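*Asks:* next comes the sequence, and after it the predicted model I'd like to discuss.
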Amino acid sequence: MQALGEDHITKVRLVVSSYVEAIQIKFKEVELNWSQLNQIKNIKMISSMYIWIFIVPIAAKVLSLTNEMATVTLFDYTFQVNLALPFSWRLFYFAALFFALATLIYQARCPRLIKEYSTFATFDNEGKPEWHLRPYAEDIGINYESFKDDLESSMLEHDGRMHKDKEYVQSVFWNLHWSADKKRRVSFLSCFACYVIGFVLISIVFFQNFAWVIKNISSTV
């Protein structure tokens, strides 16, 4: 019996080990970068969360002075509304604070090329020439001429030819864009962590109130 128990434990350990290894491989395949944070930042609800830093303290103070039950009249119907939701103002406030902090870090530290141009099409539609990319290279500490020399050598090595005209500009743009995505990792990780904490806190608030609503609906049925 003891041998069977040890075999079972060994099998479980192997399964868990394989599962953890698979997760680690998947995690390595997912490369987090500034472009992904740019997509999060562009979500309107996230980008405007800083407003709640000022609204929450005022709203919490006002509601603390009201009764738990309020009488509401609508179209000649009068009913009672329970204002005593299990709403955690502190959690909501800190969620807004972390989202605002993430936005500040993003605005201050995200490479300009990532912020201003998410794709080559947006850059090309403005009719800007190749040399317009120089300031974006300097923004992330890259010598633009050396960068182009290395890129041109890579073109000859892999394609056997030099890219020309629009194809050349596109190659410069995307290679510079990929380089910018990997810069300022400490700032990136700080920004990413703030977004994660903000999402966790706002999720807790949501599920607390969702559970409260379900509980109260069940009690009235």
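*Replies:* On my side now, so go ahead. Note that the coordinates shown come from a computational prediction; the quantities given were computed from them, not determined experimentally.

*Asks:* for the protein, just list every one of the helices.
*Replies:* Using DSSP state H, the helices of the chain run over residues 2-29, 34-41, 44-47, 52-64, 89-109, 112-116, 120-125, 134-139, 144-158, 165-181, 185-220.

*Asks:* in terms of secondary structure, what does the longest one contact?
*Replies:* I take that to be helix 185-220. Packing partners of helix 185-220 (3 or more C-beta pairs under 8 Å, 6 or more residues apart in numbering; DSSP states H and E): helix 34-41, helix 89-109. For every residue, glycine as well, the C-beta is placed using N, CA and C.

*Asks:* can you say which of the ones you listed is nearest to T122?
*Replies:* When those are compared by C-beta to C-beta, helix 34-41 sits nearest T122, at 12.0 Å.

*Asks:* list the buried residues for that closest one?
*Replies:* By 16 or more other C-beta atoms under 10 Å, the buried positions in helix 34-41 come out as W34, S35, L37, I40, K41.

*Asks:* got it, and stretch 130-145?
*Replies:* Using 16+ other C-beta under 10 Å as the test for burial, stretch 130-145 gives L133, R134, Y136, A137, I140, I142, Y144.

*Asks:* got a markdown table for the residues you listed, with pLDDT and distance to C194 too?
*Replies:* As requested, the buried residues of stretch 130-145 are arranged in a markdown table below (pLDDT from 0 to 100; distance: C-beta to C-beta, whole Å):
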| residue | pLDDT | distance to C194 |
| --- | --- | --- |
| L133 | 94 | 30 |
| R134 | 95 | 32 |
| Y136 | 95 | 25 |
| A137 | 95 | 28 |
| I140 | 94 | 21 |
| I142 | 93 | 27 |
| Y144 | 94 | 32 |
